[in-house]
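1. pasted the sequence and its predicted model underneath.
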Amino acid sequence: MRNRTRAAWIAALADSGIPCSPAHNLGELSAHPHTHESGMVHDYTSATRGTLRGVAQPLRFNGARTALGRVPPRLGEHTRELLKEAGYSDDEITQYRADGTVRCS
């Protein structure tokens with residue numbers, strides 16, 4: 001696989017009649033014309049971070065995409081509440097923060 005570029009592999013597979021498509025990274029995916037045409041790219045507005053761009057779930061159920069509920073969280077934004085829900089004590093969470101195991105904002 002290392003001996004050819006992604007584009008060369010896609011061309012070779014397509015020339016052989018094998019349906020294929022590259023695996024896109026997030027930047028490529030959010031810039032791809034298909035994701036825009038299909039309504040997968042969404043802009044979010046955050047009071048603290050401005051406009052953010054994201055890619056929605058590619059699947060449709062009954063012809064519609066799942067509604068996007070809220071702006072994506074900042075790193076560590078929900079860590080404390082998720083650890084509490086998982087049964088960790090305040091002391092444990094404080095220790096995990098102190099030793100750098102988790103981040104909480």
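-> Looks like it arrived, so ask away. Numbering: from 1, shown residues only.
2. how is this structure partitioned into domains?
-> According to automatic domain parsing, the chain is divided into the following domains: 23-72, 73-105.
3. need these in a markdown table with mean neighbour count, can you?
-> Where you see a C-beta, it was placed from the backbone N, CA and C, and this is true even at glycine. Putting the domains of the chain into a markdown table (neighbours: other CB atoms under 10 Å) gives the following:
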| stretch | mean neighbour count |
| --- | --- |
| domain 23-72 | 11 |
| domain 73-105 | 12 |
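4. closest one to residue 2 among those?
-> Each of the domains of the chain has some distance to residue 2 by CB to CB; the shortest is domain 23-72, at 15.7 Å.
5. quick one: the helices in the chain?
-> 6-15, 26-31, 33-37, 79-85, 90-98 (DSSP state H).
6. distance between the shortest one and the chain's centre?
-> Centroid separation for helix 33-37 versus its chain: 16 Å, with CA atoms, centre = their mean, to the nearest Å.
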